[in-house]
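Undergrad: Here is my input; please provide its structure:
(6 chains)
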Protein chains: 6
Amino acid sequence: MYHHIKKLMYTVNIGTPDVKFGNLLLEQFGGANGELAAAMQYTIQGWNCVDDLARRDLLLDIGTEELSHLEVVGALIRMHLKDLKTNREAAEADPLVTIAGGGGVSLYNSVGDAWTADYLKITGELDVDLRSNIAAEARAKIVYERLIDHTDDPGTIDTLQFLMTREITHLKAFTAALESMEKPAFSIGFLKPTPGIVDEYFNASTGDGDEGDTDMRGPWQTSFGLHPVESEMDGGPGLSVDDIHGTEGQEDRGKQDSGQKATTSPFAEALSQTHPSTNKPGLKSNGNGSSNGHSKSTNGNSIKSKKTAKA
Amino acid sequence: MYHHIKKLMYTVNIGTPDVKFGNLLLEQFGGANGELAAAMQYTIQGWNCVDDLARRDLLLDIGTEELSHLEVVGALIRMHLKDLKTNREAAEADPLVTIAGGGGVSLYNSVGDAWTADYLKITGELDVDLRSNIAAEARAKIVYERLIDHTDDPGTIDTLQFLMTREITHLKAFTAALESMEKPAFSIGFLKPTPGIVDEYFNASTGDGDEGDTDMRGPWQTSFGLHPVESEMDGGPGLSVDDIHGTEGQEDRGKQDSGQKATTSPFAEALSQTHPSTNKPGLKSNGNGSSNGHSKSTNGNSIKSKKTAKA
Amino acid sequence: MYHHIKKLMYTVNIGTPDVKFGNLLLEQFGGANGELAAAMQYTIQGWNCVDDLARRDLLLDIGTEELSHLEVVGALIRMHLKDLKTNREAAEADPLVTIAGGGGVSLYNSVGDAWTADYLKITGELDVDLRSNIAAEARAKIVYERLIDHTDDPGTIDTLQFLMTREITHLKAFTAALESMEKPAFSIGFLKPTPGIVDEYFNASTGDGDEGDTDMRGPWQTSFGLHPVESEMDGGPGLSVDDIHGTEGQEDRGKQDSGQKATTSPFAEALSQTHPSTNKPGLKSNGNGSSNGHSKSTNGNSIKSKKTAKA
Amino acid sequence: MYHHIKKLMYTVNIGTPDVKFGNLLLEQFGGANGELAAAMQYTIQGWNCVDDLARRDLLLDIGTEELSHLEVVGALIRMHLKDLKTNREAAEADPLVTIAGGGGVSLYNSVGDAWTADYLKITGELDVDLRSNIAAEARAKIVYERLIDHTDDPGTIDTLQFLMTREITHLKAFTAALESMEKPAFSIGFLKPTPGIVDEYFNASTGDGDEGDTDMRGPWQTSFGLHPVESEMDGGPGLSVDDIHGTEGQEDRGKQDSGQKATTSPFAEALSQTHPSTNKPGLKSNGNGSSNGHSKSTNGNSIKSKKTAKA
Amino acid sequence: MYHHIKKLMYTVNIGTPDVKFGNLLLEQFGGANGELAAAMQYTIQGWNCVDDLARRDLLLDIGTEELSHLEVVGALIRMHLKDLKTNREAAEADPLVTIAGGGGVSLYNSVGDAWTADYLKITGELDVDLRSNIAAEARAKIVYERLIDHTDDPGTIDTLQFLMTREITHLKAFTAALESMEKPAFSIGFLKPTPGIVDEYFNASTGDGDEGDTDMRGPWQTSFGLHPVESEMDGGPGLSVDDIHGTEGQEDRGKQDSGQKATTSPFAEALSQTHPSTNKPGLKSNGNGSSNGHSKSTNGNSIKSKKTAKA
Amino acid sequence: MYHHIKKLMYTVNIGTPDVKFGNLLLEQFGGANGELAAAMQYTIQGWNCVDDLARRDLLLDIGTEELSHLEVVGALIRMHLKDLKTNREAAEADPLVTIAGGGGVSLYNSVGDAWTADYLKITGELDVDLRSNIAAEARAKIVYERLIDHTDDPGTIDTLQFLMTREITHLKAFTAALESMEKPAFSIGFLKPTPGIVDEYFNASTGDGDEGDTDMRGPWQTSFGLHPVESEMDGGPGLSVDDIHGTEGQEDRGKQDSGQKATTSPFAEALSQTHPSTNKPGLKSNGNGSSNGHSKSTNGNSIKSKKTAKA
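TA: Coordinates of the predicted model:
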């Protein structure tokens, strides 16, 4: 359940309104890496995260804070758009806001594209979602930084500095949440990659161009077991595709908070039975198929009804 | 500022999960008339409504409640999607949710279209926005009704009945907010329509078809001063387009809450100078151009900073 | 069947072309509240309205007129875009129109977003659709008003005043069509809301903010039987969610034109059997479940074929 | 100006409704190659075609007919969707139509994607637009053919055969309109391609694959002056990119109807001054820069106002 | 399999960067008729074209070349956007590129709309796809021409002239590929149109307007067997819709390369059994239903596995 | 420049075609985390990466490999869709592919949504882009894993195992590329966050719910300097927003490959002058504003033209 408190998380104080800058700011209101995108991504991930209530709390803490940030950005934009309604030149700077929106904010980015859920990255796999969130925070941080670079107004800069700082806070929190799961490096989900071919760095772009480009080397070709493989195109052996023979056993799921499950958890039973593919007849399984140890929920699809509870 | 309380506004209690029904329910999660659309439409209208703080409070009350409804719908869907993750047949019912989303909810409608801000109707004109909201509540009500028609599960029906009922509550509140503005009937915004031609009902679809259709009459051709006009196509006089000569004076703005303005109001000064078109040289103005009596804000773009306040 | 007559519904006469204003005008050509959106919304609602041929006629009358308006707006824009093709500065004002469109109009809004059917509100429920149309006309009216505010050209203003006036005409007609259905106030569709909880106005946004906001009162909390309820967050009792026990009986369908049904009506039989949910075993029904009195169509899915008819 | 006649262009007569086939039919209602796309593409091209009123008439004739086809397809779909509203199994076949649309048609394709103007191809260049229309008719024809393949209902087949036939009619008309312009083969717009390099067919996909693919030859490498050129990748010389030195003079505009121009033509003057690039200092122009002989319009942006005319 | 060579297909050399022109150029990077659209349309058509390996080679040759063009356009844009990152005025010219993209290119068009696959025209019917490609090349050509018209920079013009020239090359190749299929004129796909009605040109737009429009004649009403038919609206007989009686037999498939089929061809068997509709009981078939002579593939869904092959 | 080799990177060998599984596979062809999204994201990031040619090579190596993967997925889908064209039941499984696409693949996801560039995350900031790529690889891996879970066909599993394995390879390479930049932990871009407030973990979701949720603790509240702060809502002090006073100095840019810059680098000069905000008068700068040491490029916007070079 949500509650709104009639106070901005950061109070805004600007000098001269700058319509065109207000327009740029829309990128963080209704843009791809803006506050609504952050709020929705984390909140919905949290609602889906019924197996690890501690990290669900994290996702909802930060998702809710982003909603409060959306409100702050909206207030900042409105102050900069002050002249939009009556000034023709200003109006041309953003016809959509002026003509269709009456000078108010709406869920558009800086060029008037409507916000879309296609911006979101929600997979329902906790460690994957945390990686998506780490990247999302990094993107939001860099957008705030660029906005700061295009204004001289001290009050505006203060607000943006606040919002930018919080992205780093969240970056730290999501990183801690991921690392504390203690999944091995490069282990994602449940199925293992095929050994050998997983370590082949394929050199698909070659040649010495007239742009100054050459075929270069770097640690990404030799770290973590990787080694470079030349393409058949360039006379190399190509990838060792013959080594693929079915699946390869299971990854560790990582350390989730296991003391407590949501009573609404719809997946609890399902998860304890997943990934039968490793046991499919006729498929070679290199893995040891260890039990993933999910505790069964005996009442997966019924929750203690408030009504019943009071009866 | 927002706060999340770890309790659903309506606790959910379902019988047997029904994956395909869960899919239908997505229409109210990420669909065109769903809860996110309602939450965003009212909330952003509220943030833009800086001249009438009482109705702004209304918009934020209901916008916030819709966020809590979004959470309830999400919980209901998750319980119905329980089998999605492992059951192949169930999975085919919604490949997007299964394969891309891991069985969790996301901001899609019942056929997997990503939510888009194009669903929203936000104009920054209070009386117009309230009409859009009345229509939005009516649409949301009818969608819940249809969902109830396609399930037999008592717990699910209870939840949907709760959500459906609240739409009627909001319909009442928005209607009261509109009527208490006391704008004359059919008066929208500031500019008057041209008399005469405004009352011509144009008969653009005629004939007696083999589908049973005929050219029919109804009160919509004769109420509120309207009278029918036949098209030139059918030998009629057509619309009296010669009667258009410039604008026609101003409409009453309606009764807004005027005792209190947002200190962040970016439009306060601007609005007091609007609509110079009625005084444009060379244009006939039939209106009496009465002052719209907006109180000027002397500090339109500075708000009492929390920081400053504490200094 | 449609016919095009080579005459504009309103002939256009402008002074100096104004490329940037032409750009703003695109909002009413291919924008969210523009003429195509209106034409499509009403026309398709009309095609779906097979039970009430009189109101179907209304929807097609107005839907067709909006198509004629689309043509007028297109002609007006083309005259303003005159310089687009060769003037570089003008071209920058709308690169999409210039480079991709050769200076012609296309189905974009003022910032170049492609028109999408997501703008439309079509539910197939007549009273709900009429409410959506009333709101749509109000929005279109306000957009024309804002366009008038941003030009001084008399010919352009005349054209816009004509188009704006017609929106009020349609607003009257849709209102008459809704009121003459004589549905009780706040009755939408077929299912009744739950008494008691339907009258609880939930106060979800509270506090006294540093923006000047306070928790305010208004008629929307006390009209039509409503009374305010404080959130558990603020120590209040919260909504009386325990009162939800199944559905609550049927609403009146309202007075439709019943003398004549479309021979193509695909829904006639279906509707006479709808809403069995009020009789579901185990569900409490507070309603009196009165017959909704739909006349059965005996030939729901066959129409008098033109071919057959001539045989 | 448009008029609607209450009669379908082709009356529909179906046997047993087939909900899933109704769903497939939506592809031609609100799909990428459906009737609305055709109607909008040709009509708006016609509105933009102010220099050639004869071909403008053609575009509006066909554009208007496609609107009538949209109505026919809509009627056909509605008859097939008859069971959608009450039958749960049928409802699952198209949740969007059922739950959000109440069983009526709307501007979606067969999988529920909202119609978008991104489907349209409108360039404002007459010969190019005609080519786009020829392709569009071919696509619409093939879609109707596939729909016929998936139904056995005679009435439905008759309707689809009618609609499919008309696409071939339009294909003929657009082809005649293009050929009668008498533009030389492969001459598009105003600027000539660079000789030499225009005739080099570049072999960018080579090798003998294990799928049965080999590097093959065909008339497309040797017709119309073309000859194959091997990539540097395969030891060939590559394209003769060194031969590009500025623009190459003008193409013939083609034979347009020149006796009559729209008085609203916004481009008349502009066009007579276009393409100064061929005379840019420092650029080699191989062309002979012949006058394109456009008649100047002396009143490009004023049209005979109906109002003025009557004065 | 793809390989990237570190060399531009056309090396770029510009004078002074022109941020606003860089913005216009985005139309050919991520716009509707831009290089990615061309690359994807032809390439995916090629992957689907498993029955005619020679024309599949053509589609992949040109599709791959368009990818190389995309890289050239991207390099050209980047050079023009040089000032974007730090100059505020320049930044306002494209806020999306500046703030969200850090001055780099991305898959947007000239007004910041994200690239969408809705731009593509892919039907899986070879002759239809070739027509779509001919139209696509014509559109891309005209867009490059307009870009050339808006710049004076010699290096930029050279690059654009190169790209424009190649579109004509591809236009020739696609035309040769279509003509060499030797399908009869106006024969599309497999099903014949209904004789008689296919030749009726319907005059759906009539009248003498005050814009200078009149109801005009042209070769498109009398070529290829066509003759004009007046609408019932204007007292004419209307289309002879009574002549539709089922399907009308098969079209010739055209001459495809038949010596070689892809071993991956999933359609080989299926196609040999298609179009049973011409033989449906109760439907009149005027056609002679000739065998379409497709060679059966005996191993439609297994290909020689690389792994197996080596075993 | 690109070259296509007529050989799949992984040859496909399936048993019985499974139309519905083919449909699921579309998620990795034209879906949000599919192969085109990966190919475009990395490739365009590479084109924008003109300051670090070594990592640009990495981005193009992997971007090109993803294009080859797209081809493999397309071939796999086509084999599974074999029955789509003629089988009605199969056709209903994906009407868009069948009716509009003739059974071929196209750029849609598993529910028929057109691919959109809104899926891409491209910021032009190298370390941020690498984080986005790490997250993208993790998502793609999990989607392949889920696809494997829904099929029993050994050949299909082998292909998917190959593709899944390569995502881990890329995950390793991107991680190595990021780590070798040696940016300090939680340092993003150029501007520092504000100390103090950056370490406050805000507890925005609280309470003990009837779903089993409680307000929980975890390492994300206490790692990396973080400590929890309670909301004013719950009687806590709230965030220390008073501590924001302008910007805070610069972050280290990280270690890029500096020996070699692209001669096309449009940003070289620009970057050496960025981030003047730290020196804005009136703004407190806590940072030490160290030089970021970018080497100037003396020929930012001219590249060695191939033509010139040969002259």
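
Undergrad: can I assume A:Met79 is in contact with A:Val12?
TA: Yes - A contact is recorded between A:Met79 and A:Val12 when judged using CB atoms under 8 Å, the distance being 6.3 Å. Bear in mind the C-beta positions are built from the backbone N, C-alpha and C, glycine included.

Undergrad: what ranges of the stretch 1-150 of chain A fall below the confidence cut-off?
TA: Segments of the stretch 1-150 of chain A classed as low confidence (criterion: pLDDT under 70) are A:83-86.

Undergrad: which bits of it sit near chain E?
TA: On the criterion CB under 8 Å from any CB of the partner chain, chain E has as its neighbours in the stretch 1-150 of chain A the residues A:20, A:23-24, A:27, A:31-33, A:93, A:109-113, A:142-143, A:146-147, A:149-150.

Undergrad: since we're on A:Asp242, how many residues are nearby?
TA: Applying other CB atoms under 10 Å in any protein chain shown, we find 14 other residues in the vicinity of A:Asp242.

Undergrad: residue ranges for the strands of the stretch 151-300 of chain A, please.
TA: With DSSP state E, counting those that start in this stretch, the ranges of strands along the stretch 151-300 of chain A come out as A:200-203, A:205-206, A:227-230.

Undergrad: Neighbouring strands - and their directions - for the first one?
TA: So the one you mean is strand A:200-203. In the sheet, strand A:200-203 lines up against strand A:227-230 (parallel) (DSSP bridges).

Undergrad: Run through the strands of the stretch 1-150 of chain A in chain order.
TA: Under the criterion DSSP E, counting those that start in this stretch, strands of the stretch 1-150 of chain A are mapped to A:2-5.

Undergrad: What parts of it come near chain C?
TA: Taking CB under 8 Å from any CB as the contact definition, the stretch 1-150 of chain A meets chain C at A:1-8, A:11, A:75, A:86, A:88, A:91-92, A:94-96, A:98-100, A:102, A:111-114.

Undergrad: near chain F, from these?
TA: Contacts with chain F within the residues of the stretch 1-150 of chain A next to chain C, as defined by CB under 8 Å from any CB: A:His3, A:Ile5, A:Lys7, A:Thr11.

Undergrad: For the residues you listed, give me TSV that also has distance to chain B and neighbour count.
TA: Conversion of those to TSV gives the following (distance: CB to the nearest CB, whole Å; neighbours: other CB atoms under 10 Å in any protein chain shown):
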residue	distance to chain B	neighbour count
A:His3	5	24
A:Ile5	5	22
A:Lys7	5	20
A:Thr11	4	24
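
Undergrad: so what's the residue nearest to A:His69 when sequence neighbours are not counted up against?
TA: The spatially closest residue to A:His69, leaving aside those adjacent along the chain, is A:Glu35, at 4.5 Å (CB to CB, 6 or more residues apart in numbering or on different chains). Listed by CB atoms under 8 Å, 6 or more residues apart in numbering or on different chains, the contact partners of A:Glu35 are A:Gln28, A:Phe29, A:Glu66, A:Leu67, A:His69, A:Leu70, A:Val73, A:Ala140, A:Leu163.

Undergrad: In the stretch 101-250 of chain A, which residue sits closest to chain D?
TA: A:Met233 (7.8 Å; CB to the nearest CB).

Undergrad: wait, doesn't that residue sit right on E:His3?
TA: Yes - distance between A:Met233 and E:His3: 4.5 Å, which falls inside the contact criterion (CB under 8 Å).

Undergrad: Quick check: neighbours shared by the two?
TA: Overlap between the contact sets of A:Met233 and E:His3, as judged by CB under 8 Å, 6+ apart, is given by A:Thr206, D:Met233, F:His3, F:Ile5.

Undergrad: May I see these arranged in TSV, with distance to B:Glu179 as well?
TA: Supplementary listing: the shared contacts of A:Met233 and E:His3 in TSV, determined by distance: CB to CB, whole Å:
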residue	distance to B:Glu179
A:Thr206	73
D:Met233	74
F:His3	70
F:Ile5	72
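
Undergrad: Give me the distance between stretch A:33-47 and the centre of its chain.
TA: When C-alpha coordinates are averaged (CA atoms, centre = their mean, to the nearest Å), stretch A:33-47 and its chain have centres 8 Å apart.

Undergrad: Sorry, wrong one. I was asking about stretch A:155-170.
TA: Averaged C-alpha coordinates place stretch A:155-170 at 19 Å from its chain's average position (CA atoms, centre = their mean).

Undergrad: Stretch A:2-14 now?
TA: 25 Å.

Undergrad: End to end on that stretch, go ahead and measure it.
TA: Chord length of stretch A:2-14, first to last residue, is 30 Å (CA to CA, to the nearest Å).

Undergrad: Looking at the shared contacts of A:Met233 and E:His3, which one is closest to B:Gln256?
TA: Of all these, B:Gln256 sits closest to F:His3, with 67.1 Å by CB to CB.

Undergrad: Those residues of chain A touching chain D, which are they?
TA: Checking chain A against chain D by CB under 8 Å from any CB, the hits are A:Met233.

Undergrad: mind listing the helices for chain A?
TA: Listed in chain order, the helices of chain A (DSSP state H) span A:19-25, A:27-30, A:35-48, A:53-80, A:88-93, A:95, A:126-149, A:154-179, A:268-272, A:306-310.

Undergrad: Would you tell me whether the second one gets close to chain B?
TA: Looking back up the chat, that one is helix A:27-30. Yes - applying CB under 8 Å from any CB, one finds helix A:27-30 touching chain B at A:Gly30.

Undergrad: try the shortest one
TA: No - on the criterion CB under 8 Å from any CB, helix A:95 is out of touch with chain B, staying 13.8 Å away.

Undergrad: And the contacts of that helix?
TA: C:Asn23, C:Leu24, C:Glu27, C:Ser110, C:Val111.
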